[in-house]
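Undergrad: After the sequence you'll find the predicted model.
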Amino acid sequence: MMGPFGGFGAMTGFYGVSMMMFGLLFLAALLGLVVWGVSALRPPRDRDTDTTALEILRRRYARGEITDAEFEQAKQRVA
């Protein structure tokens, strides 16, 4: 028996391919929208690019990573 579209069914030929491409394009756009929405809701990262060597040295000293003598020696080299 022949189907309603000349015997081959509805999803054959260019119509089937174009509908599949449209579906994939729609899913890609939806995924892009979700990714954009999630990234827009997240707080921005702290990118501290203006940190000087002396500030880094002070932070290391405050965390206890270096001793008093190391701090003073490095501070004189930096300044």
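TA: Sure, I can see it. Residues are numbered from 1 along each chain as shown.
Undergrad: Okay, residue 45 and residue 39: tell me how far apart.
TA: 11 Å (C-beta to C-beta, to the nearest Å). No exception for glycine: its C-beta is placed from N, CA and C like everyone else's.
Undergrad: Neighbour count for these two, which is higher?
TA: Between residue 45 and residue 39, counted using other C-beta atoms under 10 Å, residue 39 has the larger neighbour count: 9 against 6.
Undergrad: Please name the residues that touch the more buried one.
TA: Residues near residue 39 by C-beta atoms under 8 Å, 6 or more residues apart in numbering: none.
Undergrad: Against residue 19, how distant is it?
TA: 31 Å.
Undergrad: can you check residue 33 too?
TA: According to C-beta to C-beta, residue 33 stands 21 Å off from residue 19.
Undergrad: Going C-terminal from the helix ranked longest in the chain, what's the next secondary structure element?
TA: Determined from DSSP state H, the single longest helix within the chain is helix 13-41. Next helix or strand after helix 13-41 toward the C-terminus (DSSP states H and E): helix 53-63.
Undergrad: Now stretch 51-58: buried residues?
TA: By neighbour count on 16 or more other C-beta atoms under 10 Å, the buried set for stretch 51-58 is residue 57.
Undergrad: low pLDDT regions in this structure?
TA: Applying pLDDT under 70 to the chain picks out residues 1-14, 46-50.
Undergrad: what residue is smack in the middle of it?
TA: Nearest to the geometric centre of the chain sits residue 39, at 6.8 Å (C-alpha atoms, centre = their mean).
Undergrad: mind checking how far that one is from residue 27?
TA: Distance from residue 39 to residue 27, by C-beta to C-beta: 19 Å.
Undergrad: repeat for residue 63
TA: Distance from residue 63 to residue 27, by C-beta to C-beta: 48 Å.
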